[in-house]
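> I need the structure of the sequence given here:
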Amino acid sequence: MNDVSFASLLTPEGNALLDEVRGTDPAQELAVATRLRRTHPAELVSAALGQARLRQRAAAKFGAEDADRMFFTPNGVEQSTRTTVATHRAERLRALGVRSVADLCSGIGGDAIALARAGIRVLAVDRDPLAAAAARANAEALGLSGLIEVREADVTEVDTASYDAVFVDPARRGGRAGGRIFDPEAYSPPLSWAVGAALKAPLAALKIAPGIPHETVPAEAEAEWISDGGDVKEAVLWFGTEPGLVRATLLPGPRALRGRGLPDPSVRPVGRYLYEPDGAVIRAHLVAEVAEDLDGGLLDETIAYITADSLRPTPYATAYEITDRLPFNVKKLRALLREREVGVLTVKKRGSAVEPEELRRKVKPQGPHTATVFLTRVAGAPTMLVGHPARQHSA
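Coordinates of the predicted model:
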């Protein structure tokens, strides 16, 4: 998609065409394109169908109602913040008293939309003309243009002094074949520049990849890892809040677990229950906090599975009742599952090279019952733990 074809979508003819192709089945796309090209320019038809595809993809992040009205670029769909996460961040900024934000590297405006809906005035800046055009169109389409000013510019040249807070979302894709970038200094702009910009502002938030090494987190920052529905989505460095704090936030909720600086939990024998911490808890290195709350320990000093003798409600881990412990042996597992008439087998692994699908093929589960098997290590020894989800209520 280029600037010209995108601009054509904003015309009355383009809007009408977008309405016509909404929800087009990919299998019917060629037939639809052939029919529409009889009465519309070929480039406009291609742009409209491409936008319909992007809207379908974007529905998972933005919700179908918004996605059907918004405008996207391929990179914009891929890199945009999920609405639930953007809303959480916007609400936190609002609660901190922020009334205006400079949103740097704003892309198609996903975060700017959430900020504006929280009543915050936004300057959205991006150097990509197509992304800036999409952000402008999205602010208009969602009735937020009164709160969102979009500027096509290099973020390193923008004066943010008049804003209450700065939000920076550096590009983390590029490299070879457009893949993810893992070196924070290879972000665009580099993380060091973003940190410098943050330190100049009264309050700032930097969106970063959740795999960022903890040792690269600046001492001045609070680090927050966020999961949504159990999937880790991102990490955020906050400046002007609580320097040195580490936090895991679980959505929906939100539920926030604060780091208490605890030492690593001790290794214990396998108890009646196994707890699988949420991914944000693991990324934030807060397994010790959850283990302490559960009066539990680790199965192995290098594995993020908690074992405990009692069932306690927690939103930060999923509990399983363990019924059997076996040394790693496929034949013994197959025999156990046959005896229990297990036909639906969930395989989880941590610290094991065995692939779940491979194990499932080998044991050939059959029967009316269900079970969960954990492929892991217990005090260094390859082990299989069999059980089922425990009935618990979140705290």
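
> ok, residue 208 - contacts?
170, 172, 184, 187, 191, 234-237 (C-beta atoms under 8 Å, 6 or more residues apart in numbering). In short, each C-beta sits where N, CA and C put it, glycine included.

> Pick out whichever of those sits closest to residue 369.
Using C-beta to C-beta, residue 234 is the member of the contacts of residue 208 that lies nearest residue 369, at 38.3 Å.

> on that earlier part again, buried ones from the contacts of residue 208, can you make that a ChimeraX selection?
Command for ChimeraX that selects the buried part of the contacts of residue 208, burial taken from 16 or more other C-beta atoms under 10 Å:
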select :170,172,184,187,191,234,235,236,237
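
> Among the contacts of residue 208, which ones are in helices?
residue 191 (DSSP state H).

> Just list what the lengthiest helix in the chain packs against, helices and strands only.
The helix that spans the most residues within the chain, counting by DSSP H, is helix 42-62. Helix 42-62 makes packing contacts with helix 3-9, helix 12-21, helix 29-36, helix 64-67, helix 74-79 when contacts are defined by 3 or more C-beta pairs under 8 Å, 6 or more residues apart in numbering; DSSP states H and E.

> following the helix or strand residue 361 falls within, which helix or strand shows up next?
Per DSSP states H and E, residue 361 falls inside helix 356-363. As assigned by DSSP H and E, the chain's next helix or strand after helix 356-363 is strand 369-378.

> in that following strand, what counts as buried?
Result for strand 369-378 [16+ other C-beta under 10 Å]: buried residues 371-378.

> Stretch 57-73 too?
Buried residues in stretch 57-73, defined by neighbour count with 16+ other C-beta under 10 Å: 58, 61-62, 66-73.

> gap between that stretch and the chain center?
Between the mean C-alpha location of stretch 57-73 and the chain-wide mean there is a distance of 16 Å, by C-alpha atoms, centre = their mean, to the nearest Å.

> coming back round to it: would you turn the contacts of residue 208 into a markdown table with distance to residue 290 and pLDDT?
As requested, the contacts of residue 208 are exported to a markdown table (distance: C-beta to C-beta, whole Å; pLDDT from 0 to 100):
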| residue | distance to residue 290 | pLDDT |
| --- | --- | --- |
| 170 | 31 | 88 |
| 172 | 28 | 69 |
| 184 | 27 | 73 |
| 187 | 31 | 75 |
| 191 | 29 | 86 |
| 234 | 21 | 94 |
| 235 | 18 | 96 |
| 236 | 20 | 97 |
| 237 | 23 | 97 |
